[in-house]
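1. starting from these lines, generate the structure:
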Amino acid sequence: MTPTISQRVKFASSPEALFEMYMDSKTHAAATGAPAKLSRKAGGTWRAHGGAI
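-> Have a look, this model is predicted:
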């Protein structure tokens, strides 16, 4: 059986700010330094890092 890897990360940010970073194209691009095109609609398109994600 493959062992489970568990990791905890603490962000120096509010949950709301992190949510906006993942849901706003300009904020996401500024945070990652790579182009992003994100839709706020459920089921919408989500592209980051120039289409790699």
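
2. distance of the residue most central in space within the chain from Arg8?
-> Against the mean C-alpha coordinate of the chain, by Cα atoms, centre = their mean, the closest residue is Tyr22 at 3.8 Å. Tyr22 sits 19 Å away from Arg8, going by Cβ to Cβ, to the nearest Å. From N, CA and C alone the C-beta is placed, and that goes for glycine too.

3. same check on Lys37?
-> Noted for Lys37: a distance of 31 Å to Arg8, by Cβ to Cβ.

4. so the two - more neighbours on which side?
-> Neighbours were tallied for Lys37 and for Arg8 using other Cβ atoms under 10 Å; the higher tally belongs to Lys37 (14 against 4).

5. so what's the more buried one bridging to?
-> With beta bridges defined as DSSP bridges, Lys37 has these partners: Arg47.

6. quick one: contacts of stretch 6-21?
-> In this structure, residues lying in contact with stretch 6-21 by Cβ atoms under 8 Å, 6 or more residues apart in numbering are 27-28, 31.

7. same list (these) but as CSV, adding secondary structure.
-> As requested, the contacts of stretch 6-21 are exported to CSV (DSSP: H, G, I helix; E, B strand; the rest coil):
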residue, secondary structure
Thr27, helix
His28, helix
Ala31, helix
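
8. closest one to Gly44 out of the residues you listed, please.
-> Relative to Gly44, the closest of the contacts of stretch 6-21 is His28; by Cβ to Cβ it sits at 13.7 Å.
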